[in-house]
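Student: Predicted model and sequence follow; I will ask about them next.
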Amino acid sequence: MKRLLLALAVGLFALTARADPYFMDGNALQGRLARQDPSAAAYVFGIYDGIEIVQYHTPSAQRLMCPPAATSGSELLDAVRGYMEVEPGLLDYPAAILVLRALVWAFPCDRT
């Protein structure tokens, strides 16, 4: 009986497993942004918050991005849209990587 349950669980897992190793790619995110799908904004904000959490204890010289303190959500979304327009060849990359690259591009740190 245990073997049957284990086989069933493995089978169900295999049926629900994604072929992609990541949640979505840049094409999907770009489409959601174009449709003003709220999930796109939530995704970008989540990536932004994740980066900020990692950078919280990071020395200034090692930070990846340095947005102004009053950066708005629309500025974050504009940065991602702008990066996707400048780098359309990267839309097959994982969306999280594109968001990270867009934020680094849009909000560089002053290293002087």
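Tutor: Structure received. If you're wondering where the values come from, they're calculated on a predicted model, not measured in any experiment.
Student: Would you map the helices across the protein?
Tutor: Taking DSSP state H as the test, the helices found in the chain are 2-16, 26-34, 38-55, 73-86, 95-106.
Student: for the ones you listed, which one ends up most surrounded?
Tutor: Of the helices of the chain, the one with the most neighbours on average (mean count of other C-beta atoms under 10 Å) is helix 95-106, at a mean of 20. Every residue, glycine included, has its C-beta placed from N, CA and C.
Student: Quick one: mean pLDDT for it?
Tutor: Helix 95-106 shows a mean pLDDT of 95 in the predicted model.
Student: packing partners for it?
Tutor: helix 26-34, helix 38-55, helix 73-86 (3 or more C-beta pairs under 8 Å, 6 or more residues apart in numbering; DSSP states H and E).
Student: Including mean pLDDT and distance to Ile97, could those go into TSV?
Tutor: Shown next, in TSV, are the helices and strands packed on helix 95-106 (pLDDT from 0 to 100; distance: least, C-beta to C-beta, whole Å):
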stretch	mean pLDDT	distance to Ile97
helix 26-34	95	8
helix 38-55	93	9
helix 73-86	96	11
